[in-house]
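A.B. asks: please find the sequence and the predicted model below.
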Amino acid sequence: MRLIITIILSTSFTIAIAQKYTDKAVKQSCECMSKIDLTLSPKILEEKATKCIEEATISNLSGLVKEHDLDLTDEAAAEKVGEKIGMKLVAKCPAFISLAQKFPNDVDESKSTDYEFVEGKVSSVTKSDIVIIGLEESTGDIRNFYLIDYFSGADEITKDLNSIKNKKVKIGYVTKKIFDGASNDFKERKIIIAFEYWN
């Protein structure tokens, strides 16, 4: 989950008052962002904006921890701080809004990803540490696809795995090398990145 996009999609516009260190981090982030060249590529713009927030957060971290009563042993603590800063950036920093409008979206990213689509009927669903979906294609061949990463709609699959059996579906996937415990080696596997029912 990317910090900047998470901020835009999940932010609440209820802004808390009297947050000295949050306001300081917001001001530093905004000043940093206002110096970014808007003619840079969307990906670079996003990276630079994220760096602005990270640097402002780190420089005010001790104050932010006290201000928001955060536990730094919690892995999500830094993300929570970033989201709190992000809420105010959305409301108070025009430079942030200008940058965010140029960030790459999921469609742009998918164009640069080596992905493929396949259609067929779900022949099997195996659940262990991960979910493996067997797909029978029109040729009669059966290939396995691995559900490892979250994507929009993934929770609909896992909600009732039995319900997808024998359904005609379209699967988007990328091929990656992942560790296989049985062989103690890395194997190429087809990782699901999109899933939809197909009539």
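C.D. replies: Structure's in. What do you need?

A.B. asks: grab the longest helix from the protein for me.
C.D. replies: Ranked by number of residues, the top helix in the chain under DSSP state H is helix 42-59.

A.B. asks: please save the CA atoms from that one in PDB.
C.D. replies: Presented in PDB, the C-alpha positions along helix 42-59 are these (Å, rounded to 0.1, in the frame of the first residue of the first chain):
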ATOM      1  CA  PRO A  42       4.400  10.800 -12.300                       C
ATOM      2  CA  LYS A  43       6.400   8.100 -10.600                       C
ATOM      3  CA  ILE A  44       9.200  10.400  -9.700                       C
ATOM      4  CA  LEU A  45       6.700  13.000  -8.400                       C
ATOM      5  CA  GLU A  46       5.200  10.400  -6.200                       C
ATOM      6  CA  GLU A  47       8.600   9.300  -4.900                       C
ATOM      7  CA  LYS A  48       9.700  12.800  -4.100                       C
ATOM      8  CA  ALA A  49       6.400  13.700  -2.400                       C
ATOM      9  CA  THR A  50       6.600  10.500  -0.300                       C
ATOM     10  CA  LYS A  51      10.200  11.400   0.700                       C
ATOM     11  CA  CYS A  52       9.100  14.900   1.800                       C
ATOM     12  CA  ILE A  53       6.500  13.300   4.200                       C
ATOM     13  CA  GLU A  54       9.000  10.700   5.400                       C
ATOM     14  CA  GLU A  55      11.700  13.300   6.200                       C
ATOM     15  CA  ALA A  56       9.300  15.600   7.900                       C
ATOM     16  CA  THR A  57       7.900  12.700  10.000                       C
ATOM     17  CA  ILE A  58      11.300  11.500  11.000                       C
ATOM     18  CA  SER A  59      12.500  15.000  12.000                       C
END
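
A.B. asks: any buried residues in it, and which?
C.D. replies: 45-46, 48-50, 52-53, 56-57 (16 or more other Cβ atoms under 10 Å). In this view, the C-beta of every residue, glycine as well, is placed from N, C-alpha and C.

A.B. asks: chain center to the helix or strand containing Val26: distance?
C.D. replies: Using DSSP states H and E, Val26 sits in helix 20-33. Distance of helix 20-33 from its chain centroid, counting by Cα atoms, centre = their mean, to the nearest Å, is 24 Å.
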